[in-house]
Structure formats: C-alpha cells, structure tokens
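*Asks:* following is a predicted model, sequence given first.
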Amino acid sequence: MKFLLILLFVIPQFSYGQGSSKVKKLLGRALEFEQKGNIEGAIKLHKKVLGIDHGSYQSANTIAGLYGQIGKFSDEIPWAQKAIKINPKYSMGYINLGNGYFGNGDVKNAELCYKKADSLDSQGPYAPYSLGVIEEKKGNFKAAISYYEQSISRDPNFENGYYNLAAAYANIKDYKNANKSILKVLELNPNAKDAQELHEHIILEILRH
C-alpha cells in the first residue's frame, strides 16, 4: 500500500518583496537545484531569500516541504510554523505542518492541521486528500474513499487523489471502481510507473473474479 503526501509546494506564485530581482534569481536557482535533486542546496537558497525578504512565507513553507521530502520531519515542523506565523491564513503552511506531524507519528496534531487548512481553503484538494491518508492509515478505507472523492471533486486533475482512491477501492475489493480511478491517473500521466503497476494488479484481480 502506498501512502502519498503532498510535501512540497514551489509552484504557487511568489510575491516578490524586498530585492525583488535578486529574490527572483534565487528562486529560479532553487527550483533548478530541486529538479536536479540537490535538496540541501535548494533549502540554502530559500533561506537566502528569507534573509532578503523576511515576509516570504512561501519560501519558509517550501523549506518545510523540502525537509519533508528528505524525511526530516522534525525540521519540517518549525519551518511550516514559521510560514504560518508570517501568514496565519496560508492553508499550505498548515498542510506542510500536518505532514511534519504525520511523518513524526503525531496523527492527532496532523489531523488538526489538515482540518485547519480545509477551513482556510474549502476549494483546494490537499486537505481532504491528507485527511484521507490519515483514515487509510487507520484502516478506515470507506472514510478514506469519501475524502479522496472530495479531493478529486475539488480538482478533477488531481492525480494523487485518483491514485489513492484506486488503492483504497482495491483494499475493499471494489476492483471496478479501483480500475476506473487508476485509468484516470494514467489518462493524466501515462508514464506513471506506480499507476501502471497498480493497474496491472487491479486487472489481475478483476480476471480472478
């Protein structure tokens, strides 16, 4: 069973503050570093951004996500908290804070963070998706399915939502709906190897039944 978490958010638009030209260049280099797998280098560059623009909650949250990506959840938590302190209404900050808690095994606080994120952004897919991950971790597959359905209803192109939805359906042996969901993942991303493998498994189960 594969549990997916949204750990990194560098896509949202950054609002350039002080030293905007230098900040823009640093962000570009940070993205290049990240794409090349140089996570520590990307983190250092985002810290430089914060040294120039103390109000860059996006960089603080990206640092959090990057730490989460490399499994340093105890470092993810304070950086997500920093992002939230700068901008208390930043829902993505609560998502990464929740991810940090979840990674450290603190499911209760993770759930509180995801619910807070949902209250701040009732249209985004990340909060219900993350709550679905928690329910799936608990073995509550029907509750997880409900959350995953909510995530894809908010964003019909949310690949991770469809993937986890397919896996959750497969866990309750509803292979028809599992196949429907995994085919949507492959429609969105035909080269997704994990989705291809899950699809093969689902087809085998359909043939057995």
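*Replies:* Received the coordinates, thanks.
*Asks:* shaky segments in this structure?
*Replies:* By pLDDT under 70, the weakly predicted segments of the chain are 1-19.
*Asks:* in it, which spans are helices?
*Replies:* Using DSSP state H, the helices of the chain run over 20-35, 39-52, 57-69, 73-86, 91-103, 107-120, 126-138, 141-154, 159-171, 175-188, 193-208.
*Asks:* burial measure for residue 58, as a count.
*Replies:* 25 (other CB atoms under 10 Å). Where you see a C-beta, it was placed from the backbone N, CA and C, and this is true even at glycine.
*Asks:* pretty sure residue 120 is touching residue 93, no?
*Replies:* No. Look at residue 120 against residue 93 with CB atoms under 8 Å: they stay out of range, at 9.1 Å.
*Asks:* neighbour count for the two, which is higher?
*Replies:* residue 93 (29 against 17).
*Asks:* residues contacting that one?
*Replies:* Residues in contact with residue 93 (CB atoms under 8 Å, 6 or more residues apart in numbering) are 57, 60, 61, 64, 80, 81, 83, 84, 87.
*Asks:* how near is it to residue 205?
*Replies:* From residue 93 over to residue 205 the distance is 40 Å, taken as CB to CB, to the nearest Å.
*Asks:* cool, and residue 165?
*Replies:* Distance from residue 165 to residue 205, counting by CB to CB: 16 Å.
*Asks:* that's all I had, so thanks and see you.
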